[in-house]
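Q: got a predicted structure plus its sequence, pasted below:
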Amino acid sequence: MEEKTWVRMVTAQTPTNIAVIKYWGKRDETLILPVNDSISVTLDPAHLCTTTTVAVSPSFDQDRMWLNGKEISLSGGRYQNCLREIRARACDVQDEEKGIKIAKKDWEKLHVHVASYNNFPTAAGLASSAAGFACLVFALAKLMNAKEDNSELSAIARQGSGSACRSLFGGFVKWNMGKAEDGSDSLAVQLVDEKHWDELVIIIAVVSSRQKETSSTTGMRDSVETSLLLEHRAKEVVPKRTKQMEEAIKNRDFGSFAQLACADSNQFHAVCLDTCPPIFYMNDTSHRIISCVEKWNHSEETPQVAYTFDAGPNAVLIAHNRKAATQLLQRLLFCFPPNSDADLDSYVIGDKSILKDAGIEDMKDVEALSPPPEIKNAERSKGEVSYFICTKPGRGPVLLADESQALLHPETGLPK
Amino acid sequence: MAEKTWVRMVTAQTPTNIAVIKYWGKRDETLILPVNDSISVTLDPAHLCTITTVAVSPSFDQDRMWLNGKEISLSGGRYQNCLREIRARACEVEDKEKGIKIAKNDWEKLHVHVASYNNFPTAAGLASSAAGFACLVFALAKLMKAKEDNSELSAIARQGSGSACRSLFGGFVKWIMGKAEDGSDSLAVQLVDEKHWDELVIIIAVVSSRQKETSSTTGMRDSVETSLLLQHRAKEVVPKRIKQMEEAIKNRDFGSFAQLTCADSNQFHAVCLDTCPPIFYMNDTSHRIISCVEKWNCSEGTPQVAYTFDAGPNAVLIAHNRKAATQLIQKLLFCFPPSSDADLNSYVIGDKSILKDAGVEDIKDVEALPPPPEIKGAQRCKGDVSYFICTKPGRGPGLLFDESLALLHPETGLPK
């Protein structure tokens, strides 16, 4: 190494994901091993993603991390596990251009700086830890020249946050629960990529919530300890559903996909309710959204929309195709219009072109929407939804080569 | 029989009941045979009851019924089943004073008039069909001098409405699911009478609801057909809980009673959520009430209050004793104060003396209540609760001899 200090930096972008067959309950708290398989759809990182810059330099005297601009502690078990596991897989690095040469055994003496940024609010309950830990692990793996493939990396990300392992791939992803005690076979595999079923459109309703949510970690532990229905779900129901879901995805069978996704979301929330003390993640608005979708699906020959809810009141609605998504958005805007003082441009974000397809250009068009014919006495519940995000299934993690997108300064290694 | 026509009349009063181990799901729709046992507490008919007058006269040319003043049809299967089963058990009647003599084989040619009245609103979701069918069957049995005991009568009431069978007794009652195909062993028995555990105080929160509820009959059929958790509940969970609940009641073990009651209520609602389409009986207010109770119970060493919810958002809260009930009503009135224009006298009904014990005489006292110390940032949700009813475990059906209480005119047999 030269006398002048150097900084080696890598910036990655990772998507988040939404489970359609849910993970809820661990058989090992430390290694984060689940009691059943889960399947997810990766969301388009163009709309929802985590961007993480990792840097290493002999001038750094400790590991440090900044999340959304604020410095946070890396002392917790989950961060320590990820750092340790990745460091153990670090290899030689040679960057002739920059004159950087790092031997395998140098890594254990070097410290890293990490800056991470979510382009969606943490408070929105949109699984920021999944995207965050996946990005951290992926970026560090690239920084340290680890040779592991994304499935092997997912087993490390899993130790940061269970659902993070599913963000190491695009399209539809399965987290195999594994059998090994050490969790080495508990990892994610890609079922199909994001192009396989690219007509799907995903609309997320971010629901206004008064309550602070029960954390997933605490909640699922209480469920494992107190729900008499959880084990039956894990042993009897999920294994069959996982097989059926894989078939439905492979065959682009939307009817089966929707029936399974809705049933599994509801059963996950049923187990939460069967917990002591009971956990209520969905609220009245969530129920009204479900009711809206159920009525429409029932009135059509075949389901048009699948719904799924994670550990919070937000609805993730997966429409069969663009046409169904457009009709869905019209119904949602009728039932859940914005507050009078709201700006349409911030009420539907992500792929905003859906509004044009729906014939909606301004608030007057929202007010003029007709009630869904399948709902008797349809009510308009203003202000119950904070905003909508329109997105679609998306790709897995990537490196960002553009230096302007790095979150750390290339010379100091501190946040820009 | 004398030439002048006669009217024989009987008036009965029956309580309603609330299940603490829930009935949800039939194995036979026609005979109304359940998939599991259930246990209930009978509520004091002084506060909630059905009064039914039944009359028979050769001058009646058809069976007729009036419910809460409105004539209704008796042609439905459930009414026909009850009428047929009771008529089959009718015996000789002789009333020398009135000169009435009815032979056993006369009954099949005679018609009855029935007038029934609930002293609580049907819209309040307080199980009016249970009290109603129990009262109909009990009153007709007395009118027709059937020899059957209350357990045998419960097997008939059961065919009108499942939970009606449990209203044939006071105190705590068990509906044994039975094994026989013809349902002859599916009936109610009294576990203990209303004096056994008379320190219990019951407060019902009648919750404002925007939605029309899914009927229990439809809902439980959908659950049987689509919930993958229901069978496990019925076969594995409920049998153990029934035994534990019987022990808890026998031993007046409130801690166990509360844990079992809350867990079973939550599991029933979990099965509703696990149904396709999902059924939501509890709403945000119901959840807030549960949260309030769970926090208080957790802060005390041992549970003070049990909660249970039927097929609707109303909360039935069972307090350990008068002191706990008084503290509970203070916490409830803090969290769920009446609307500004409400009258305290109609906001807490039933045993209103609980207000005096709570030191609450007028709306000013309600406004002055301190926040419950165990709830951080306790909010006051005005208007979420329509009103409260304070009651207690009560007695079973009885005859009312006071003619002024009869709902039919003694000479015409028509509603007064």
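A: Here it is on my side, so go on.
Q: from here on, contacts and neighbour counts on C-alpha atoms
A: Noted.
Q: which residue is the nearest non-sequential neighbour of whatever residue of the stretch 201-350 of chain A ends up closest to chain B?
A: When scored by C-alpha to the nearest C-alpha, the stretch 201-350 of chain A has residue A:270 as its residue closest to chain B, at 4.1 Å. Nearest residue to residue A:270, sequence neighbours excluded (C-alpha to C-alpha, 6 or more residues apart in numbering or on different chains): residue B:270, at 4.1 Å.
Q: show me how far the helix or strand harbouring residue A:9 is from its chain's centre.
A: Residue A:9 is part of strand A:8-15, with elements assigned from DSSP states H and E. Computed by C-alpha atoms, centre = their mean, to the nearest Å, the chain-centroid distance of strand A:8-15 equals 17 Å.
Q: what's in contact with it?
A: Residues outside strand A:8-15 that contact it (C-alpha atoms under 8 Å, 6 or more residues apart in numbering or on different chains): A:42-45, A:48-57, A:100, A:131-132, A:134-135, A:138-140, A:142-143, A:167-168, A:170, A:394-401, A:405-407, A:410.
Q: tell me the helix or strand right after that strand.
A: As assigned by DSSP H and E, the chain's next helix or strand after strand A:8-15 is strand A:17-21.
Q: point out where chain A drops to low pLDDT.
A: A:1-3, A:123-125, A:210-211 (pLDDT under 70).
Q: which phi and psi does residue A:306 have?
A: In terms of degrees, to the nearest 10, the main-chain angles of residue A:306 are phi -110, psi 150.
Q: returning to what we had before: surely the residue of the stretch 201-350 of chain A closest to chain B is in a helix?
A: Yes. Assessed by DSSP: H, G, I helix; E, B strand; the rest coil, residue A:270 belongs to a helix.
Q: before we move on, the earlier item: so what's the residue count around the residue nearest to residue A:270?
A: By the criterion of other C-alpha atoms under 10 Å in any protein chain shown, residue B:270 has 29 neighbours.
Q: who's in contact with it?
A: So residue B:270 contacts A:267, A:269-271, A:273-274 (C-alpha under 8 Å, 6+ apart).
Q: how close does the residue in the stretch 301-416 of chain A that chain B sits nearest to sit to residue A:371?
A: Going by C-alpha to the nearest C-alpha, chain B is nearest to residue A:379 of the stretch 301-416 of chain A, at 10.4 Å. Using C-alpha to C-alpha, to the nearest Å, we find residue A:379 at a distance of 8 Å from residue A:371.
Q: one step back: OK, contacts around the nearest residue to the residue of the stretch 301-416 of chain A closest to chain B once chain neighbours are set aside?
A: What sits nearest to residue A:379 in space, not counting adjacent residues and going by C-alpha to C-alpha, 6+ apart, is residue A:335, at 6.1 Å. Listed by C-alpha under 8 Å, 6+ apart, the contact set of residue A:335 reads A:371, A:378-382.
Q: now the buried members of the residues you listed.
A: The neighbour-count test (16 or more other C-alpha atoms under 10 Å in any protein chain shown) applied to those identifies A:371, A:380-381 as buried.
Q: what sits against the nearest residue to residue A:411 once chain neighbours are set aside?
A: Leaving out its chain neighbours, the residue that sits closest to residue A:411 by C-alpha to C-alpha, 6+ apart is residue A:7, at 6.4 Å. The contact partners of residue A:7, taken as C-alpha under 8 Å, 6+ apart, are A:55-58, A:410-413.
Q: flag every residue of the stretch 151-300 of chain A that's near chain B.
A: Applying C-alpha under 8 Å from any C-alpha of the partner chain, we find that the stretch 151-300 of chain A lies next to chain B at A:228-229, A:232-233, A:237, A:263, A:266-267, A:269-271, A:273-278, A:280, A:283-284, A:287, A:294.
Q: return the subset of these lying in helices.
A: Among these, DSSP state H puts A:232, A:263, A:266-267, A:269-271, A:273, A:284, A:287, A:294 in helices.
Q: could those go into JSON lines alongside distance to residue B:299?
A: Shown next, in JSON lines, are those (distance: C-alpha to C-alpha, whole Å):
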{"residue": "A:232", "distance to residue B:299": "32"}
{"residue": "A:263", "distance to residue B:299": "36"}
{"residue": "A:266", "distance to residue B:299": "31"}
{"residue": "A:267", "distance to residue B:299": "30"}
{"residue": "A:269", "distance to residue B:299": "26"}
{"residue": "A:270", "distance to residue B:299": "26"}
{"residue": "A:271", "distance to residue B:299": "25"}
{"residue": "A:273", "distance to residue B:299": "21"}
{"residue": "A:284", "distance to residue B:299": "28"}
{"residue": "A:287", "distance to residue B:299": "31"}
{"residue": "A:294", "distance to residue B:299": "40"}
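Q: checking the nearest residue to residue A:24 once chain neighbours are set aside next. Helix, strand or coil?
A: Among residues not flanking residue A:24 along the chain, residue A:220 sits closest, at 5.6 Å (C-alpha to C-alpha, 6+ apart). Going by three-state DSSP, the secondary structure assigned to residue A:220 is helix.
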